[in-house]
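Trainee: fold the following.
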Amino acid sequence: MKFSPRLPIVAGMVLFCMVLPACTGAPPPAPIAEAPAAVDGAITGWADLLGPTSAPENWQVEPCENPVLLCVTANGEILGTVERFSHPLSAADLPGGVPPTSAAQRQFLEIWVADHYAAMESDRAGADPNLQFSAESPEPARVGSLPGLRYGYTITHPNGKVFDRTVGYVATDGDRVYVFVTGVISGDPSGSFSDANDLATFEPHLATIMEELRL
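Mentor: Purely as a prediction, here's the structure:
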């Protein structure tokens, strides 16, 4: 059975509520020093992916106990997380099969982002037709040694108040698709960061972290 390229990212948004402390009242996910076990047969935990890290002054960036999450902390408190996951590129339900060239892979990523935007806009409109979806044009970004795309979108209420802000990176090596995503969902504990200002402060450092990944 083939899977739409939108499924992994939607699953990732659901996962936020499964792992963040605000969803359950549980203690924050504890950073760890050792690499956790593999979770998808191709990528191990964040500890094996991280190269040199970058963070605002007095902030720390470390793998969480959950291997799919990267913890961003300050003064011993978690500010947010970055989620990562991957899936076989061949599982994407797109015409033409696996793209064999770098140009075709770039086109695949652009289609992946467009499909994700359409899925999220439809999902939010179904929840509240008054919400306004604003997508950013994907930009070339280096994800480790892989060429990738940075994408993002903002969903606002009619009065301009932000409901949802998402920032993500997607890349492929021709075999698998790698996705890294974070964001804020106002009034919803499933958001990766609880404060939009914290997310904005961290974004430039996230770009550096993406460039230094061991991919």
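Trainee: doesn't Asp48 belong to a strand?
Mentor: No. Applying DSSP: H, G, I helix; E, B strand; the rest coil, one finds Asp48 to be helix, outside a strand.
Trainee: which of the helices or strands spans Ala55?
Mentor: Using DSSP states H and E, Ala55 maps to neither a helix nor a strand.
Trainee: for this protein, what spans make up the helices?
Mentor: Per DSSP state H, the chain carries helices over the ranges 6-19, 21-24, 46-49, 102-127, 196-211.
Trainee: quick one, which of the ones you listed is packed in tightest?
Mentor: When these are scored by mean count of other CB atoms under 10 Å, the highest mean neighbour count falls to helix 46-49 (a mean of 20). Any C-beta I mention is one placed from the backbone N, CA and C, and that applies to glycine too.
Trainee: how about the helices of the chain in JSON lines, adding distance to Ala135 and mean pLDDT?
Mentor: What follows is those, written out as JSON lines (distance: least, CB to CB, whole Å; pLDDT from 0 to 100):
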{"stretch": "helix 6-19", "distance to Ala135": "14", "mean pLDDT": "36"}
{"stretch": "helix 21-24", "distance to Ala135": "26", "mean pLDDT": "34"}
{"stretch": "helix 46-49", "distance to Ala135": "27", "mean pLDDT": "90"}
{"stretch": "helix 102-127", "distance to Ala135": "5", "mean pLDDT": "86"}
{"stretch": "helix 196-211", "distance to Ala135": "17", "mean pLDDT": "95"}
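Trainee: any idea how far the residue sitting nearest the centre point of the chain is from Arg142?
Mentor: Nearest to the mean C-alpha position of the chain, by CA atoms, centre = their mean, lies Val181 at 1.0 Å. In this view, Val181 and Arg142 are 17 Å apart by CB to CB, to the nearest Å.
Trainee: for Gln105, same thing?
Mentor: Gln105 is 14 Å from Arg142, by CB to CB.
Trainee: do Asp198 as well
Mentor: Taking CB to CB, one finds Asp198 at 24 Å from Arg142.
Trainee: and for Leu50?
Mentor: 15 Å.
Trainee: swap in Gly168?
Mentor: In terms of CB to CB, Gly168 sits 15 Å off from Arg142.
Trainee: swap in Thr172?
Mentor: Thr172 sits 13 Å away from Arg142, going by CB to CB.
Trainee: could you do Gly76 as well?
Mentor: Taking CB to CB as the measure, Gly76 falls 32 Å from Arg142.
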